[in-house]
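**Student:** can't give you the sequence, but here's the structure:
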């Protein structure tokens, strides 16, 4: 997963393709294996709306050393994801299962496997789609406090999961949530303040300074003015840190 929020538009290919360990690198190599089962991104277009584009494994197979789609637009808000399907969903590799998912104004990408995701949502789809639908309903109103409560409830509902690592937006702020039960060196989320932008990624995309990891159970909120808030969701949420850039 990878995303950024910036004051000025940034070409999305900077972090999807050109960065040494950007999304293309993650797709071709990954930490343990290639992530070539799906690809998608959502970005804020010139009209201020979120445009969503997704491709399945067959589309990626047609560009074995690259990523499909138009990677030239510039934007101030991006969420992108390359998928490595969980064994439970190994036969579901179309663009319908590619992230990010858009539900009622929420755009969400997920890393990890939730084996009891039906406790969140009884509808069709993979676990990540169920999370997106559940969170879009549970996160009301769209405030940070309500989000922390919703994520706490989510963790109380699901019991059989490897990770609930999330990168999502409601179209204004960018949010990252890190939560795992195993493989802490694999299910990571990092962020870095880079000039007039904040970048979030599963692993640092370059050798730039000040990459910081999120801890287990931590929620990062990046506001449009690039104020950062970090909350610990496990138990009662409490502020860990507040910074302004």
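**Tutor:** Everything's here; your move. Here the structure is a predicted model, which is why all the values come from computation and not from measurement.
**Student:** Using the three-state scheme, assign residue 17.
**Tutor:** helix (DSSP: H, G, I helix; E, B strand; the rest coil).
**Student:** number of nearby residues for it?
**Tutor:** Burial measure for residue 17: 15 neighbouring residues, criterion other CB atoms under 10 Å. Any C-beta I mention is one placed from the backbone N, CA and C, and that applies to glycine too.
**Student:** In which helix or strand does the residue nearest to it when sequence neighbours are not counted reside?
**Tutor:** Spatial nearest neighbour of residue 17, excluding adjacent residues (CB to CB, 6 or more residues apart in numbering): residue 24 at 5.0 Å. Using DSSP states H and E, residue 24 sits in helix 23-28.
**Student:** How about the backbone phi and psi for the residue nearest in space to the middle of the chain?
**Tutor:** With distances taken as CA atoms, centre = their mean, residue 167 lies nearest the centre of the chain, 2.5 Å away. The phi/psi pair for residue 167 (degrees, to the nearest 10) reads phi -130, psi 120.
**Student:** Please shift the residue numbers so they start at 377 in all later answers.
**Tutor:** All right, first residue 377 from here; so that's residue 543.
**Student:** Can you report how many residues neighbour the nearest residue to residue 476 once chain neighbours are set aside?
**Tutor:** Of all residues not flanking residue 476 in the chain, residue 485 sits nearest, at 4.3 Å (CB to CB, 6+ apart). By other CB under 10 Å, the residues close to residue 485 number 29.
**Student:** so what's residue 485 bridging to?
**Tutor:** On the basis of DSSP bridges, residue 485 is bridged to residue 543.
**Student:** gap between the helix or strand following the helix holding residue 400 and the chain center?
**Tutor:** Downstream of helix 399-404, the first helix or strand assigned by DSSP H and E is strand 414-420. Here the centre of strand 414-420 is set off from its chain's centre by 10 Å, with CA atoms, centre = their mean, to the nearest Å.
**Student:** swap in stretch 576-591?
**Tutor:** Distance, centroid of stretch 576-591 to centroid of chain: 14 Å (CA atoms, centre = their mean).
**Student:** try stretch 510-528
**Tutor:** That offset, for stretch 510-528, works out to 16 Å (CA atoms, centre = their mean).
**Student:** Return the set of buried residues in stretch 557-572.
**Tutor:** Within stretch 557-572, the residues scored as buried using 16 or more other CB atoms under 10 Å are 562, 563, 564, 565, 566, 567, 568, 569, 570.
**Student:** hang on, the earlier thing: residue contacts, the residue nearest to the centre of the chain?
**Tutor:** Shown in contact with residue 543 (CB atoms under 8 Å, 6 or more residues apart in numbering): 377-379, 455, 457, 476, 484-485, 550-553, 565, 576.
**Student:** Can you tell me which of the residues you listed is closest to residue 534?
**Tutor:** Ranked by distance to residue 534 (CB to CB), those are led by residue 553 at 13.1 Å.
**Student:** thinking again about what came up before, could the contacts of residue 543 go into JSON lines alongside pLDDT, secondary structure and distance to residue 522?
**Tutor:** Output for the contacts of residue 543, formatted as JSON lines (pLDDT from 0 to 100; DSSP: H, G, I helix; E, B strand; the rest coil; distance: CB to CB, whole Å):
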{"residue": "377", "pLDDT": "97", "secondary structure": "coil", "distance to residue 522": "23"}
{"residue": "378", "pLDDT": "98", "secondary structure": "strand", "distance to residue 522": "26"}
{"residue": "379", "pLDDT": "98", "secondary structure": "strand", "distance to residue 522": "21"}
{"residue": "455", "pLDDT": "98", "secondary structure": "strand", "distance to residue 522": "20"}
{"residue": "457", "pLDDT": "98", "secondary structure": "strand", "distance to residue 522": "25"}
{"residue": "476", "pLDDT": "98", "secondary structure": "coil", "distance to residue 522": "21"}
{"residue": "484", "pLDDT": "98", "secondary structure": "strand", "distance to residue 522": "16"}
{"residue": "485", "pLDDT": "98", "secondary structure": "strand", "distance to residue 522": "21"}
{"residue": "550", "pLDDT": "98", "secondary structure": "strand", "distance to residue 522": "17"}
{"residue": "551", "pLDDT": "98", "secondary structure": "strand", "distance to residue 522": "12"}
{"residue": "552", "pLDDT": "98", "secondary structure": "strand", "distance to residue 522": "17"}
{"residue": "553", "pLDDT": "98", "secondary structure": "strand", "distance to residue 522": "14"}
{"residue": "565", "pLDDT": "98", "secondary structure": "coil", "distance to residue 522": "21"}
{"residue": "576", "pLDDT": "98", "secondary structure": "strand", "distance to residue 522": "21"}
